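**Q** Just a sequence and a predicted model for now, questions to come.
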Number of protein chains: 2
Amino acid sequence: MTEPGQLSSAIHLPNGFSFAAVTAGIKVSGRLDLAMAKAAPGTTAAALFTKNRVVAAPVEIGRQCLAKTRGRVRAVLVNSGNANCATGNAGTLTCQQISRTAAHLLGTQAAEIFPSSTGIIGVPLPAEKITAKLPELAALLEPTTRGAEQFAQAILTTDTRSKMASSQFGAGQSIVSLLGIAKGSGMIHPQMATMLVYLFTDIAASAPELKQLLREACDPTFNCMSVDGDTSTNDTVLLLASGQSGVRLRRGSVRKQFAAALLAVCRSLAGQIVADGEGVRHVIHLSVEAARHRAEALQVARAIAHSLLVKTAWAGADPNWGRILAAVGACGVPIDPRRISIYIGEQMVCRAGARCVFDEARAHQDLRRLQCDVRVLLGRGRASAVFTTTDLTQEYVKINADYST
Amino acid sequence: MTEPGQLSSAIHLPNGFSFAAVTAGIKVSGRLDLAMAKAAPGTTAAALFTKNRVVAAPVEIGRQCLAKTRGRVRAVLVNSGNANCATGNAGTLTCQQISRTAAHLLGTQAAEIFPSSTGIIGVPLPAEKITAKLPELAALLEPTTRGAEQFAQAILTTDTRSKMASSQFGAGQSIVSLLGIAKGSGMIHPQMATMLVYLFTDIAASAPELKQLLREACDPTFNCMSVDGDTSTNDTVLLLASGQSGVRLRRGSVRKQFAAALLAVCRSLAGQIVADGEGVRHVIHLSVEAARHRAEALQVARAIAHSLLVKTAWAGADPNWGRILAAVGACGVPIDPRRISIYIGEQMVCRAGARCVFDEARAHQDLRRLQCDVRVLLGRGRASAVFTTTDLTQEYVKINADYST
């Protein structure tokens, strides 16, 4: 057993869930591309979705289902290889038809099937390939680590590895388990990726309680990371609680423990997604401090994380603080350059908006590591934000330029 | 003689200006790096500067000089190889000292010397290298095309070619000439570039008249282009009018003719800057139409032009309209995806937010050209904006990653 805020390397399967995956032939590679997670009766759910105004059919329908059932989910059904986005009314009908077939098989209602899709945009989703495989998929469902690992494999697109994180804590005589499974290797590329996160737990909690917990856990993790600054049309984070641990969220200090476990799992998954970002060689933990308020710190962090010149300097492990300073100056926050300090690793490289004496070779070495800390102090207040981002390499351009034609 | 709105390939030197350039040893390459343009007494001026809150010493001082003299300039003095930015008070004093020396040599006041710098950030500008060369520079001044070409060479940094554009029109018995000289090969990189534009004319106009004309000409040109979305600390556009043509701006239809000539010169220079952008293989003329108002059209255009996924698709000549649609959906404008159409070249590739039948090979061919039109219709109103931008290639990353270390 681990502390709620810590992660173990083992996978702790929460009670009340079974998993399976099959090859439905949507991916041309012939890899696993259809996954299901079945949840026990009474499972509650909450979800957060992309803020993009262009959303895929499964995102629209998933949102409607949760509203209709007031947060009840009996199964998650995910396909990779096709995003079912920009597919018009036909895309919506296809998604609904698949959910109806799955609901019939599982003896439940279509509104309790939560759908997700990730992959190519603008191409009709081949419904028959999916529905033909549903009986096999349902027959394979098992409450095992192996099942969960297959699920994690089947939802990948350009990802180079599957992403799981798990936590467990004791509450009285009972044990609560939490398992997170994610995919994503750029924040988006609408023809081949998206961020999908599924969080399974056996705690007992109402849908509104889950929604609140999910918001708190996503704000400093999935909402504070960036590979390329784009936002997918399909991004989804779903939290499912089976209640089968017998532990109620509201009992004693359980909420605090669960929130810590959820945050740790989300932080691990966010880190795994960024580290597996397309062409990424360096992960940067960017800390913006001494801001007037958190929104301002985030505005500065996003501007730095989205600057091509800053990201390419990081690719070259170049301690080029001038590019960071210029990105801060252009981001819209009324900063005074003479109050800005910048650190790379543990060294101050810019003081009062001007160069200060530092060991360039050491800064270069710090940036050459797989993970590096960069701190920017604005000299305006006491708020701060930590943002996880990446360099921008030639490999990223290659992956995204040589794509579909 | 050309129409005011058209450009000739010849260089039309306006009366009242002489030019020179020397090698001062600021650039390690040993190329020309110090340039001067001397203006006749009575020359009026107006300038626009970077909106970055981090500004270089010469930008601060140039702004102060124009305020102090109420728009009188007797000489422009530009060095390349060092931006004199993030250099603290010492940088300001250095810039002032150089201006005083130049003013003494030319028999004028320091406030009438307009300074510019471009190059490395955060490194002290070697004043003595510049002041030692000023007598030679002043002696070389000549009112010739050759002098102007040397000036254009000396202000370059990572640019691969010099950038000039010229126009001329008749007004009664007189001729008005306009010559523009620019540098810039990314919108910025704070360690090695910046956009500098100098516009010389022999029309007679007041400083406020020039300022108004400059704003009108910059809005659809230099303010509607983007290579990497970053904003330099040194960007400057300066318009100088010697009055030596004898033609007054306010006379008859002269203002209209001059505005057309100025717009044409600025448009040409903006196009030259984008086409010489770092690693650029494709220039995209992005037109956002049917927006509610121009600001909205520009917001959408900037979001598309700054999307890494869109820019990398363009690098691969990939007619990937899904990435454009997703960038529009995430930009903050409350668009309805079902009203959006996208054209690549002359073909519609997305209708009502979904794929439509189009010739993919032809779209790919259109995008393989050096210049390609992309149109996005929002279905919200009648406003539009045209934005000039570029692809993002591996070469761009290479130039900017392998830079200083």
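**A** That came through, no problem.
**Q** what's the biggest helix by length in chain A packed up against?
**A** The longest helix of chain A (DSSP state H) is helix A:254-275. Contacts defined by 3 or more C-beta pairs under 8 Å, 6 or more residues apart in numbering or on different chains; DSSP states H and E place helix A:254-275 against strand A:163-171, strand A:174-183, strand A:196-201, helix A:207-218, strand A:225-226, strand A:283-291, strand A:383-390. Yep, even glycine has a C-beta here, placed from its N, CA and C like the rest.
**Q** between the ones you listed, which one is nearest to chain B?
**A** strand A:225-226 (10.4 Å; C-beta to the nearest C-beta).
**Q** Whether that closest one contacts chain B - can you check?
**A** No - figure legend: strand A:225-226 not in contact with chain B (C-beta under 8 Å from any C-beta of the partner chain); closest approach 10.4 Å.
**Q** Return the residues of the stretch 251-400 of chain A in contact with chain B.
**A** Counting by C-beta under 8 Å from any C-beta, the stretch 251-400 of chain A comes close to chain B at A:306-309, A:312-313, A:315-323, A:325-330, A:334-337, A:350, A:352-355, A:360, A:364, A:391-394, A:396-398, A:400.
**Q** ok, of the residues you listed, which come out buried?
**A** Buried members of those, counted by 16 or more other C-beta atoms under 10 Å in any protein chain shown: A:306-309, A:312-313, A:315-323, A:325-330, A:335, A:337, A:350, A:353-355, A:364, A:391-394, A:396-398, A:400.
**Q** Mind checking which of the residues of the stretch 251-400 of chain A next to chain B land in strands?
**A** Per DSSP state E, strands hold the following members of these: A:Cys350, A:Ala354, A:Arg355.
**Q** As CSV, those residues with pLDDT would be great.
**A** As requested, those are exported to CSV (pLDDT from 0 to 100):
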residue, pLDDT
A:Cys350, 95
A:Ala354, 91
A:Arg355, 88
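**Q** Could you give the number of residues near the nearest residue to A:Gly71 once chain neighbours are set aside?
**A** Distances taken as C-beta to C-beta, 6 or more residues apart in numbering or on different chains place A:Ala207 nearest to A:Gly71, at 2.5 Å, with adjacent residues excluded. Around A:Ala207 there are 19 other residues, counting by other C-beta atoms under 10 Å in any protein chain shown.
**Q** Enumerate every residue touching A:Ala207.
**A** Applying C-beta atoms under 8 Å, 6 or more residues apart in numbering or on different chains to A:Ala207 gives the contacts A:Thr44, A:Ala45, A:Ala46, A:Leu66, A:Arg70, A:Gly71, A:Arg72.
**Q** and if you look at A:Leu179?
**A** A:11-14, A:17, A:148, A:164-166, A:199-201, A:265.
**Q** List just the nearest of those to A:Ala35.
**A** Among the contacts of A:Leu179, A:Ala148 lies closest to A:Ala35 (C-beta to C-beta), at 9.8 Å.
**Q** quick one: contacts for that closest one?
**A** A:Ala148 sits next to A:Ile11, A:Leu13, A:Phe19, A:Met164, A:Leu179, A:Ile181 when contact means C-beta under 8 Å, 6+ apart.
**Q** ok, 6 Å please
**A** Neighbouring residues of A:Ala148 by C-beta atoms under 6 Å, 6 or more residues apart in numbering or on different chains: A:Phe19.
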